[in-house]
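In: Need a 3D model of the following:
(one chain, ligands or ions: 1)
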Amino acid sequence: MNKLLIVGTVAFDAIETPFGKTDKILGGAATYIGLSASFFNLQSAIVSVVGDDFPQEHLDLLTSKNIDISGIEIVKGGKTFFWSGLYHNDLNSRDTLVTELNVLADFQPKVPQNFKDSDVVMLGNLHPLVQSSVLDQLEKKPKLVVLDTMNFWMDCALPELLDVIKRVDVITINDEEARQLSGEYSLVKAAAKIQDMGPKYVVIKKGEHGALIFHNREVFFAPALPLEDVFDPTGAGDTFAGGFSGFIAQSENISFNNMKNAVIYGSNLASFCVEKFGTERMETLSKAEVAIRLQQFKSLTQFDIEI
Ligand code: AMP
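Out: Next comes the predicted model:
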């Protein structure tokens, strides 16, 4: 079975949307990536850190999804990373209210020995030095390295971020962050500039407006499925990344054509994530539901024009 190595935050989130508010619930980039990638036939492991305030039941949930958690360090007396966000009425934009790094501030990641030869590495949102350190520990060059990041790291660790961006094959980033990173308003120009920074493939996520993948001068677009109820977009980007990297790891095919399928898988899984607060929907989602919605995706985008 192919191996997917995931690095990212495992966190507490407090979320407020126009539909409600939660106190500290399970969150974190690696959590969403791991839950999403668990829908594929592969071996996965998370490298992260939490404090001893982190409930065992959350770790048990990850284990129950066949995710190897031996790379999640538990710091005695430490506090888990905490993030709080407030969504605006359109649910496409949000304000970060609080980012408390806590145990993440001094985190030295340790890749489990049996994942040092992973086929695909998904560098989820986390300090770019931690992302680099994970790459430094690998003993075999992965078939694909995917990186996700956010404006927070562009604001506080840009040189380190640019260093790790140079080392990856694919970057997934949202539209506003692509503009910030490149200094270009046009997403076509932004993607070209980001490709010059290193990654041959640039995925730009546009929330309810879908996702684009750029490679050289080619571009492919996947819409987001129009949903009746969107409750909480938290984690949608990470769920997308988990679907993208999980599908590639399972299929072992890193051609651009297969990456288009990976974008569809990522969008499909992300469409579930937003239907409930936090990780709730992803925890109970079944493979059958995923397959049915994939068919809806196909119908949404298929047309028959003769050219
Ligand atoms: P997304 O909605 O996909 O952008 O991801 C939301 C998740 O990212 C939340 O569960 C947060 O815990 C996590 N998160 C928020 N800020 C950061 C940050 N600066 N670094 C790493 N993870 C973060």
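
In: Next, the buried residues of stretch 6-22.
Out: For stretch 6-22, the buried set under the neighbour-count rule, 16 or more other Cβ atoms under 10 Å, comprises 6-17, 22. For glycine as for every other residue, the C-beta is placed from the backbone atoms N, C-alpha and C.

In: give me the subset of those touching the ligand.
Out: Residues of these in contact with the ligand (Cβ under 6 Å from any ligand atom): 9, 11, 13.

In: Next, format those as JSON lines and append secondary structure.
Out: Listed next are these as JSON lines, based on DSSP: H, G, I helix; E, B strand; the rest coil:
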{"residue": "T9", "secondary structure": "coil"}
{"residue": "A11", "secondary structure": "strand"}
{"residue": "D13", "secondary structure": "strand"}
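
In: Need the residues you listed in a markdown table (columns: pLDDT).
Out: Output for these, formatted as a markdown table (pLDDT from 0 to 100):
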| residue | pLDDT |
| --- | --- |
| T9 | 97 |
| A11 | 98 |
| D13 | 97 |
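
In: ok, so what distance separates the nearest residue to E139 once chain neighbours are set aside from K110?
Out: Setting aside the residues directly before and after it, E139 is nearest to K116 in space (Cβ to Cβ, 6 or more residues apart in numbering), at 4.2 Å. As judged by Cβ to Cβ, to the nearest Å, K116 and K110 stand 10 Å apart.

In: shared neighbours of these two, which are they?
Out: Q137 (Cβ atoms under 8 Å, 6 or more residues apart in numbering).

In: What's the local residue count around the residue in the stretch 1-150 of the chain that the ligand sits nearest to?
Out: With Cβ to the nearest ligand atom, the shortest gap between the stretch 1-150 of the chain and the ligand falls at G27, namely 3.0 Å. Here the count is done by other Cβ atoms under 10 Å, and G27 has 28 residues near it.

In: and if you look at the one 3 residues further on?
Out: In terms of burial, A30 registers 29 neighbours under the definition other Cβ under 10 Å.

In: Just confirm it is within a strand.
Out: No - counting by three-state DSSP, A30 is located in no strand; its state is helix.

In: Not including adjacent chain positions, what is the nearest residue to it?
Out: If the residues on either side of it in the chain are set aside, A30 comes closest to G8, at 3.1 Å by Cβ to Cβ, 6+ apart.

In: For the one you found, give me the pLDDT.
Out: At G8, the model reports a pLDDT of 97.

In: Next: G20.
Out: For G20, the model assigns a pLDDT of 88.

In: That one bridge partners, please.
Out: Going by DSSP bridges, G20 is paired in beta bridges with T17.

In: I'd guessed it sits against K276; true?
Out: No - using Cβ atoms under 8 Å, G20 makes no contact with K276, being 10.5 Å away.

In: which residues are in contact with both of those two?
Out: F231.

In: Tell me if the longest helix along the chain is near the ligand.
Out: Looking across the chain with DSSP state H, the single longest helix is helix 256-273. No - judged by Cβ under 6 Å from any ligand atom, helix 256-273 stays clear of the ligand, getting no closer than 8.4 Å.

In: Mind giving me the packing neighbours of that helix?
Out: helix 29-37, strand 201-205, strand 211-215, strand 218-222, helix 236-251, helix 280-284, helix 287-301 (3 or more Cβ pairs under 8 Å, 6 or more residues apart in numbering; DSSP states H and E).

In: Run the chain-centre distance for it.
Out: Counting by Cα atoms, centre = their mean, to the nearest Å, helix 256-273 is centred 12 Å from the centre of its parent chain.

In: Show me which residues of the stretch 151-300 of the chain sit near the ligand.
Out: Counting by Cβ under 6 Å from any ligand atom, the residues of the stretch 151-300 of the chain near the ligand are 152, 234-238.

In: can you do 8 Å?
Out: 152-153, 174, 233-241, 278 (Cβ under 8 Å from any ligand atom).

In: Max pairwise distance over these: which two?
Out: Pairwise distances across these (Cβ to Cβ) peak at 22.4 Å, for the pair W153 and G278.

In: one step back: now the residues of the stretch 151-300 of the chain next to the ligand: which count as buried?
Out: Buried, going by 16+ other Cβ under 10 Å: 153, 174, 233-241, 278, out of these.
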